[in-house]
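Asks: Quick one: sequence and predicted model below, then my questions.
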Amino acid sequence: MSGTSMGQRLCELVGIDFPIVSTGMGYVSNAALAGAVSEAGGLGVVAAAMMNLSELEAAIQSVKDSTDRPFGVNIRSDAPDLEDRARLMIDGGVKVASFALAPSRQIMETLKEAGVICIPSVGARRHAEKVAGWGADAVIVQGGEGGGHTGPVPTSLLLPQVVDSVDIPVVAAGGYFDGRGLVSALAYGACGVAMGTRFMLTKESPVPESMKREYLNYGVNDTVVTDQIDGHPHRVIRTEFIDQLLSSGHVRGLVSAAENAAKFRRLAGRSWAGMVKQGMVLRKEHSYSLRQLVMAANAPMLCRAAMVDGRTDVGVMSSGQVVGLISDIPSCAELLERIMREADDAAAQFAPIGVQ
């Protein structure tokens, strides 16, 4: 079974060689990583949530300068400048749009009308059914093993639920890192896999080398899911800092979060008015408390501290449980070639099953 036949539905939809997608990870999925994944035959995705408009425009151009292969951009639907971001994607020739948190139906329709393939990520069957009804071209289904924002249902249970409930291509995420996992996802009815932690630990990932090596020390039981980072369930490495965050009182946590929110505003060039507007959207759509609103603005600084500055003492290390099964830091090309070789070997072990 070759890359051209394995996961053919996704490959044909997007125009890629291998049914493997890199997920949009803030401060990690930059132009260099996305370009490397796409050039290697997968679908690279730029995470735009932590970028301002000029940074996003530059990132799109940078990917285009590094490869002529299809790539995607991941956006937050609660961004106050969402329409401008969509226009940059359309004008920049971005092939695929993916979404952090729930997608906007209006923006998805705008992107689709311009020929952009829309692939939302979901963590529940009902969400998959909703976006399929809106006209999503495919859907990424992330099980509870996944890093970053995640849900409570494991991939092995969520994936077949979604495959059986929608007619669009389904991409499996949460716990994938090798060719055996790809074959298992295909057996469940998925058309490919999406990986975050595995691509974070590659040579092209912008994460500091010291931080990558730090990740290799953790096992499958060294993560925890908490909503104390930004109000949504978030799987991270359980460090001493995370333990302190989980045990801190509401007042102390609120003060610290407010300070970090102010730092993020300055770094991102955001106005207080824009951040308040985004906060009101979060409050309306997710029933956030005041503390959750401040924590949501605080989260980018916590992620930046680890992913950019390499500090585990004051940063958040998002990670899937699969971190405990990863032992090396290959290039994206080496990784994809290895996964497809392993998938071919795994698929070759199965003979046709007939009824006697």
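Replies: Arrived safely, thanks for sending.
Asks: Which residue is the nearest non-sequential neighbour of K95?
Replies: P70 (3.8 Å; C-beta to C-beta, 6 or more residues apart in numbering). Using the backbone N, CA and C atoms, a C-beta is placed for each residue, glycine as well.
Asks: which residues sit in contact with the one you found?
Replies: 14-16, 38, 43, 95-96 (C-beta atoms under 8 Å, 6 or more residues apart in numbering).
Asks: Now do it against V37, distance only.
Replies: According to C-beta to C-beta, to the nearest Å, P70 and V37 sit 11 Å apart.
Asks: okay, and the common contacts of those two?
Replies: L43.
Asks: Isn't A34 up against S22?
Replies: Yes: with contact defined as C-beta atoms under 8 Å, A34 reaches S22; the gap is 6.7 Å.
Asks: Now the common contact residues for those two.
Replies: Common neighbours of A34 and S22 (C-beta under 8 Å, 6+ apart) are 44-45.
Asks: can you pull out the helices in the stretch 101-250 of the chain?
Replies: Here the stretch 101-250 of the chain has its helices, by DSSP state H, counting those that start in this stretch, at 105-113, 125-133, 155-165, 179-188, 197-200, 209-215, 240-247, 250-268.
Asks: how far does stretch 301-315 stretch from start to finish?
Replies: Stretch 301-315 has an end-to-end distance of 8 Å (C-alpha to C-alpha, to the nearest Å).
Asks: Just the buried positions in that stretch, please.
Replies: Neighbour-count burial for stretch 301-315 flags 301-308, 311-312, 315 (criterion: 16 or more other C-beta atoms under 10 Å).
Asks: From D344, how far off is the residue nearest to K95?
Replies: In terms of C-beta to C-beta, P70 sits 23 Å off from D344.
Asks: Extract the residue ranges of the stretch 1-150 of the chain that are flagged as low pLDDT.
Replies: Along the stretch 1-150 of the chain, segments meeting pLDDT under 70 span 1-5.
Asks: low pLDDT regions in the stretch 201-350 of the chain?
Replies: 248-299.
Asks: where along it do the strands fall?
Replies: 223-226, 234-237 (DSSP state E, counting those that start in this stretch).
Asks: which of the residues in the first one are buried?
Replies: Which is strand 223-226. Buried, per 16+ other C-beta under 10 Å, within strand 223-226: 223, 225-226.
Asks: just these now: which is nearest D164?
Replies: The shortest approach to D164 among the buried residues of strand 223-226 belongs to V225, at 26.0 Å (C-beta to C-beta).
Asks: Contacts only, for the closest one.
Replies: Neighbours of V225 in contact, by C-beta under 8 Å, 6+ apart: 144, 150, 233-235.
Asks: swap in E240?
Replies: Applying C-beta under 8 Å, 6+ apart, the residues contacting E240 are D313.
Asks: now for the host helix or strand of V73, which elements pack on it?
Replies: Taking DSSP states H and E as the definition, V73 sits inside strand 71-76. Counting contacts by 3 or more C-beta pairs under 8 Å, 6 or more residues apart in numbering; DSSP states H and E, strand 71-76 is packed against helix 31-39, strand 44-47, helix 53-66, helix 82-91, strand 96-100.
Asks: what sits up against the second one?
Replies: What that stands for is strand 44-47. So strand 44-47 is contacted by 21-31, 33-38, 56, 59-60, 63, 67, 69, 71-74, 96, 98, 100 (C-beta under 8 Å, 6+ apart).
Asks: Repeat that for the last one.
Replies: By C-beta under 8 Å, 6+ apart, the surrounding residues in contact with strand 96-100 are 14, 23-24, 43, 45, 47, 49, 70-77, 86, 89, 108, 111, 116-121, 140, 149.
Asks: and it, which strands flank it?
Replies: Looking at strand 96-100 with DSSP bridges, its partner strands are strand 71-76 (parallel), strand 117-118 (parallel).
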